[in-house]
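>>> Using only what follows, build the 3D model:
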Amino acid sequence: MSGPAPRLDVVLPVLDEAATLRASVTTLHRALSAMPELAPWRITIADNGSTDGTGDLAEDLADELPEVRVLSLGVRGRGRALRTAWTSSDAEVVAYMDIDLSTDLRALPPLIAPLLSGHSDVAIGSRLAPGARVVRGTRREVLSRGYNLLLHVGLGVTFSDAQCGFKAMTSAAARRLLPLVEDDAWFFDTEMLVLAERAGLRIAEVPVDWLEDPRSTVDVPGTVRADLAGMGRVGWGLARGRIDLGPVAAELGRRPLERSRPLGAQLIGFGIVGVLSTIAYTLLFLVLQAALPHQTANFLALAISAVLNTVVNRRYTFGVTDRSSAGLHLVQGVLVFAATWGITAGALALLVDPAHSGSLESLTVLTAANAVATVLRFLVFRVIFRPSAPAEQEIETRLTRQELIDA
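Model prediction:
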C-alpha cells in the first residue's frame, strides 16, 4: 500500500479468525468508505500467531483492497499486537475494534472526532455510559459492571468501561504511553487507560450500541483472574512509584482547571457529607463498642468514617480533582484525623466513667465532641483543599484559547 499517510489506522487484532475475517473486514471497509470525514484511512490486520489460515486470508484481502495491510507477529498476545501496530503506525490517529464487530460502526466518527480535533488524547466506546444500548447475557453484564466497579474503588479511575473493544488514541499518545504498558494480553486495555488517566491525558467516552456475539471464544474465568492480577500489579506499581509517568504527563498531560467553590456551596456540601459521615460513625460505634473497649471502638469508628469523609469532601465539597496532590492530602488528612481523634478521646476520658456509664452517655459525649471536631475539620479542609495555583491555571487557559484562535 502506498500514498500519503492516513489520518486513521484501524487495527483488527486476530487469532484464528479465518471463519469470520473476510466478512468483518469487508463490512468495515464498506463502512469506512461511507465516512469521508475520516479519509484517508487504513485497515491493519494484526495477526498474532494464527494457525488456521487466517494469515493467508489476510494477505488475500490486502491484495484485493488497497486500504488493507497485514501485520504478522507470529506470536500470540492481543495486547502485544496492538502495541506493535499502534506504535509503528504513521497515521495521525490509531484505533482498534474486535473482529466480531459487536459495536455498531456508526459510533466510529464520534469516537475519532475528538482525537482529530485535538480535544482529547484517548477515546473509548462505552457500554455503561448514559445513552448506550447493549444486548448481552446476564453473566457478562454482571461481570463487566463488577469489574469496572472494582477499578473505580481500587484504582480510583473515572472512565466507565475499560473492556469495550472499541478504542482509539492519537499516535503521539500511543508512542509515549504504550511502552509503559506491560500486559500483552487482555488486560492491555485497562492498563493503558489507567496509566493514561494518571498521566493527565484526556479520555473521551462515546456511548455505543453493542450486541454480544454468542460465538465469542474468550475464556471469561481466565480473563477475570488475569485482570485481577493486573489490577494488583498496576496499583502496586503506581503506589510504589515504579511506573514513571512523569515524562508523559509533562509532554501530554492536561492539568485540571480547578476553582474554589463558593463558601455557601462548601458549607452545604460539607454539612450533607458531615451528616452522612456522623450517621456512619454512630452506627459503627454502636456495633463496635459491644465487643471492644470504648476507646478502641471510638478509634476504629472514627478512622473509617473520617477516611470516607475526607475523600468525599475533597472531591465533591471542595472540587479537588488533581491527582498530583492526592498523596499530600492523604498525609494532611491523617493529621486532621489525629486531631479529631484527640478531641473525642479526650472528651471520652474526661467526661465518661467506663465503670458506671452506659452506651447512651458515651454516645452523647462523643457526638458533642464530634461536632467540635467537625468545625475544625471544615476550617482545615478549606485551607488544604484550596487549588494551588489558580493564576497559573488561568494563564494556561488563556494560552490554550489563543493557540486555538491562531490555529
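>>> so where's the protein shaky on pLDDT?
Residues of the chain meeting the criterion pLDDT under 70: 1-3, 215-220, 255-261, 321-327, 330, 334, 348, 351-362, 386-407.
>>> care to break it down by domain?
In terms of domains, the chain is parsed into 8-252, 263-384 (source: automatic domain parsing).
>>> Need the ones you listed in JSON lines (columns: mean neighbour count).
Placement of C-beta: from N, CA and C, glycine included. Supplementary listing: these in JSON lines, determined by neighbours: other C-beta atoms under 10 Å:
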{"stretch": "domain 8-252", "mean neighbour count": "18"}
{"stretch": "domain 263-384", "mean neighbour count": "16"}
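>>> Quick check: closest non-adjacent residue to the residue positioned nearest the centre of the chain.
Using C-alpha atoms, centre = their mean, the residue of the chain that lies closest to the mean C-alpha position is Val157, 3.3 Å off. Nearest residue to Val157, sequence neighbours excluded (C-beta to C-beta, 6 or more residues apart in numbering): Leu151, at 4.9 Å.
>>> just to confirm, which helix or strand has the one you found in it?
If you go by DSSP states H and E, Leu151 is part of helix 138-155.
>>> Next secondary structure element downstream of that helix?
Going down the chain from helix 138-155, the next helix or strand is strand 166-170, by DSSP H and E.
>>> Does anything pack onto the helix or strand just after that next one? Which helices or strands?
Using DSSP H and E, the helix or strand that directly follows strand 166-170 along the chain is helix 171-177. For helix 171-177, the elements it packs on are helix 78-88, strand 93-97, helix 188-198, helix 246-252, judged by 3 or more C-beta pairs under 8 Å, 6 or more residues apart in numbering; DSSP states H and E.
>>> Could you list the residues in contact with the third one?
Meaning helix 188-198. With C-beta atoms under 8 Å, 6 or more residues apart in numbering as the test, helix 188-198 has contacts from 78-79, 82-83, 121-122, 124, 151, 155, 157-159, 162-163, 165, 167, 169, 173, 177-178, 180-183, 203, 227, 230-231, 234, 238, 243, 245, 248, 323.
>>> if you set the cut-off to 6 Å instead, what comes out?
Gly79, Val122, Leu155, Val157, Phe159, Ala162, Leu177, Leu180, Val181, Asp183, Val234, Leu245 (C-beta atoms under 6 Å, 6 or more residues apart in numbering).
>>> Look up the closest residue to the fifth one, ignoring the ones flanking it.
Right, Phe159. Ile203 (5.3 Å).
>>> Could you list everything that neighbour pairs with in the sheet?
Val122 (DSSP bridges).
>>> what's the closest of the helices and strands packed on helix 171-177 to Gly319?
helix 188-198 (17.9 Å; C-beta to C-beta).
>>> Using PDB, list the CA coordinates for that closest one.
Provided in PDB are the C-alpha atoms of helix 188-198 (Å, rounded to 0.1, in the frame of the first residue of the first chain):
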ATOM      1  CA  PHE A 188      -3.800  -4.300  28.000                       C
ATOM      2  CA  ASP A 189      -6.800  -2.000  27.500                       C
ATOM      3  CA  THR A 190      -7.300  -1.500  31.200                       C
ATOM      4  CA  GLU A 191      -3.700  -0.800  32.000                       C
ATOM      5  CA  MET A 192      -3.500   1.600  29.100                       C
ATOM      6  CA  LEU A 193      -6.500   3.600  30.300                       C
ATOM      7  CA  VAL A 194      -5.400   3.600  34.000                       C
ATOM      8  CA  LEU A 195      -1.900   5.000  33.000                       C
ATOM      9  CA  ALA A 196      -3.400   7.400  30.500                       C
ATOM     10  CA  GLU A 197      -5.700   8.900  33.200                       C
ATOM     11  CA  ARG A 198      -3.000   9.000  35.800                       C
END
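>>> At which residues are the helices of the chain located?
Taking DSSP state H, the helices of the chain run over residues 21-33, 54-64, 78-88, 108-116, 138-155, 171-177, 188-198, 220-239, 246-252, 263-288, 294-312, 326-351, 359-384, 390-406.
>>> Reformat those as TSV; add distance to Phe318.
Below are the helices of the chain laid out as TSV (distance: least, C-beta to C-beta, whole Å):
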stretch	distance to Phe318
helix 21-33	46
helix 54-64	54
helix 78-88	38
helix 108-116	29
helix 138-155	20
helix 171-177	30
helix 188-198	21
helix 220-239	24
helix 246-252	23
helix 263-288	6
helix 294-312	10
helix 326-351	10
helix 359-384	6
helix 390-406	13
